[in-house]
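1. Predicted coordinates and the sequence they were generated for:
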Amino acid sequence: MKKLTTTAATLAALVISMHAFCQGQFQKESAGSITFVSGHVMQLAQAIPADKYAWSPGTGVRNVSQVLAHIISANYFFASKLGAKIPDGVNMETLEKDLKTKEAIAAELKRSYEVATAAIKNTQDAALGNKVVFPFPGEYTNMTAILIMLGHSNEHLGQLIAYARTNGIKPPWSE
């Protein structure tokens, strides 16, 4: 009986420590992923010359500057759904017009990823299943908002890689 009690106590301690270890694990891994992709997006934004920021692959398609502004706006949007406060002076609806220079875009891109990363890290495990309302159809949770944010950044990183390579610019990390 003593051996069974010791085994049960050891098992309980293992379960409790595993539970404690896993607290925030999704957020840590998601924050790591967004940090990785944001680094690539920001490196590429720096590698593309300012005179190419107006380049677009065709009529009616966002140019480089507009894609970057779209990423910034989306970062703030998803972060706000996770409870983050959008920095004063940021109007997500007019970012494409408000950000006029490569330097302004780079600074706001960095700040938007900082806000997004902090929002992910600050999301409590208990809140991951909380419902979030989006302007597009479907049922979403905080966890879904984080996953969509990750997918969105990766999607537009790929778009920017194609834009850069079309203009003869190699992504810095692939040199």
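-> Received it, and whenever you're ready, just let me know what you need.
2. Give me the helices and strands touching the helix ranked longest in the chain, please.
-> Using DSSP state H, we find that the single longest helix of the chain is helix 142-166. Other helices and strands packing on helix 142-166, by 3 or more CB pairs under 8 Å, 6 or more residues apart in numbering; DSSP states H and E, are helix 25-47, helix 64-81, helix 102-121, strand 131-132. Using the backbone N, CA and C atoms, a C-beta is placed for each residue, glycine as well.
3. looking at those, which is closest to S153?
-> helix 25-47 (4.6 Å; CB to CB).
4. Give me the residues contacting that closest one.
-> Contact partners of helix 25-47, identified using CB atoms under 8 Å, 6 or more residues apart in numbering, comprise 68, 71, 102, 105-106, 109-110, 113, 116-117, 120-121, 123, 125, 128, 143, 146-147, 149-150, 153-154, 156-157, 160-161, 164, 169-173.
5. ok, now with 6 Å
-> With contact meaning CB atoms under 6 Å, 6 or more residues apart in numbering, helix 25-47 is reached by 68, 106, 109, 113, 117, 120-121, 123, 146, 150, 153-154, 157, 160, 164, 169, 171-172.
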